[in-house]
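Visitor: missing the sequence, but the structure's below:
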Ligand SMILES: Cc1cc2nc3c(=O)[nH]c(=O)nc-3n(C[C@H](O)[C@H](O)[C@H](O)COP(=O)(O)O)c2cc1C
């Protein structure tokens, strides 16, 4: 069996597309997200993972125009949504994004612990380091710390956060009505952490949550990002373009996990996938091709993505020449994946109009389910993170079409065996 997650933004994406029930005027309300969470729970998903960022991209063509015109970028804070979704679901894991570069560790530790209480142990934090200069400027810095340094800081940040979560010993919470003792002060300790970047005295002034140390998710694909994940993450979300790359990712993480003294089964890697489904293979293929759009649309989409990942305006480059050599302090792995070894020999037009940089899953619910099973057999774990233009139609296709086909083949769970998110992740 493998695990399923869904990757989404708390935004209006899809607001002007057909079948956009979840977007339009509804997206700032809780209801469509509650409906979605319930659908995922019915389908047996492990978690719903909400990305986040704190800026409006303005690198592409040197302006916020594309970001604001498309409606993809304004977004609300998913941390606030977590509590609401926790009340309206009973089993689904809920993961929201937090940036280690800008959240003070004490604030993050307390917030995430509180959410773990409110969700009865189903909370996770996707710890990112943030890659855009505008984020830094919004939080009062001139620019981001250097890429690998951000991950070093994230390691220290997680060490403080975990120490705060563990600042209450087991048994510290007594709540004995007879003696009137709520908590035993001898079992609650300051952490007195003084690191290179962060300090915190502790202890945490909230009581230990159901998981005590909520689930950590990690998304960084660079060597520094992967090392951080190997040390701290319970689950990784990875974006790759082929089964071969999935296998490489899993094998690479196995080595890094072993160096960190952990087992491969301690950390589940979920690969980003956007299945395109229809009643027949032919219809699915047609639909996929319509989604790809014209060459011009594909190029513009790729340029927006490259500008976002690199912090460099790719629209300023000559489309008919190779991409100039560059290094980036933003997101390294997505840039490398898209440009790859072809950067020196192919023109930007060839690269930008090339195939989708994603695992290809196009077909009927049954044929895609079979394909997903075969992929996992080849890779050796651990599951998929569904993404795509979010509409109620897509949610229905996945949860009422694909998931039952997966379940029929015993590829995904038919029930939750545990109460807490981590335990469900570790169940197989
Ligand atoms: C599935 C997925 C989800 C991500 N979610 C976020 C996010 O919510 N916020 C964010 O700032 N970065 C997010 N990222 C970007 C990563 O944190 C990271 O910056 C990027 O993958 C590049 O990795 P690298 O910096 O290690 O090269 C995500 C990446 C992936 C693949």
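Guide: Thanks, I have it. All figures in this text were calculated on a predicted structure; none of them were measured in a lab. Numbers count the residues shown, from 1 in each chain.
Visitor: what's the span of stretch 181-192, first residue to last?
Guide: Separation of the first and last residues of stretch 181-192 by C-alpha to C-alpha, to the nearest Å is 26 Å.
Visitor: An error on my part: the question was meant for stretch 74-83.
Guide: Stretch 74-83: ends 21 Å apart by C-alpha to C-alpha.
Visitor: quick one: the worst-scoring helix or strand of the chain on mean pLDDT near the ligand?
Guide: Here the helix or strand of the chain ranked lowest by mean pLDDT, DSSP states H and E is helix 332-339, holding a mean of 77. Yes: using C-beta under 6 Å from any ligand atom, helix 332-339 reaches the ligand at 332-334. (Glycine included, C-beta is placed from N, CA and C.)
Visitor: what residues does the stretch 201-350 of the chain put near the ligand?
Guide: Going by C-beta under 6 Å from any ligand atom, the residues of the stretch 201-350 of the chain near the ligand are 219-222, 225, 237, 239, 272, 331-334.
Visitor: all helices in the stretch 1-150 of the chain, in order from the N-terminus.
Guide: 31-42, 65-70, 78-88, 105-118, 133-138, 147-165 (DSSP state H, counting those that start in this stretch).
Visitor: now those helices in JSON lines, with mean pLDDT and mean neighbour count?
Guide: Shown next, in JSON lines, are those (pLDDT from 0 to 100; neighbours: other C-beta atoms under 10 Å):
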{"stretch": "helix 31-42", "mean pLDDT": "97", "mean neighbour count": "18"}
{"stretch": "helix 65-70", "mean pLDDT": "91", "mean neighbour count": "15"}
{"stretch": "helix 78-88", "mean pLDDT": "97", "mean neighbour count": "19"}
{"stretch": "helix 105-118", "mean pLDDT": "98", "mean neighbour count": "21"}
{"stretch": "helix 133-138", "mean pLDDT": "95", "mean neighbour count": "17"}
{"stretch": "helix 147-165", "mean pLDDT": "97", "mean neighbour count": "21"}
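Visitor: Tell me which of those helices sits nearest to residue 325.
Guide: Proximity to residue 325, assessed across the helices of the stretch 1-150 of the chain by C-beta to C-beta, is greatest for helix 147-165 (17.0 Å).
Visitor: so what does the closest one touch, helix or strand wise?
Guide: helix 105-118, strand 123-128, strand 193-194, strand 199-200, helix 223-232 (3 or more C-beta pairs under 8 Å, 6 or more residues apart in numbering; DSSP states H and E).
Visitor: Quick one: end-to-end distance for stretch 389-398.
Guide: Counting by C-alpha to C-alpha, the terminal residues of stretch 389-398 are separated by 12 Å.
Visitor: Looking at it now, give me its mean pLDDT.
Guide: In this model, stretch 389-398 has a mean pLDDT of 94.
Visitor: same question, stretch 288-307
Guide: 92.
Visitor: need the helices of the stretch 1-150 of the chain in CSV with distance to the ligand, can you?
Guide: Converted to CSV, the helices of the stretch 1-150 of the chain look like this (distance: least, C-beta to the nearest ligand atom, whole Å):
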stretch, distance to the ligand
helix 31-42, 16
helix 65-70, 15
helix 78-88, 9
helix 105-118, 14
helix 133-138, 8
helix 147-165, 6
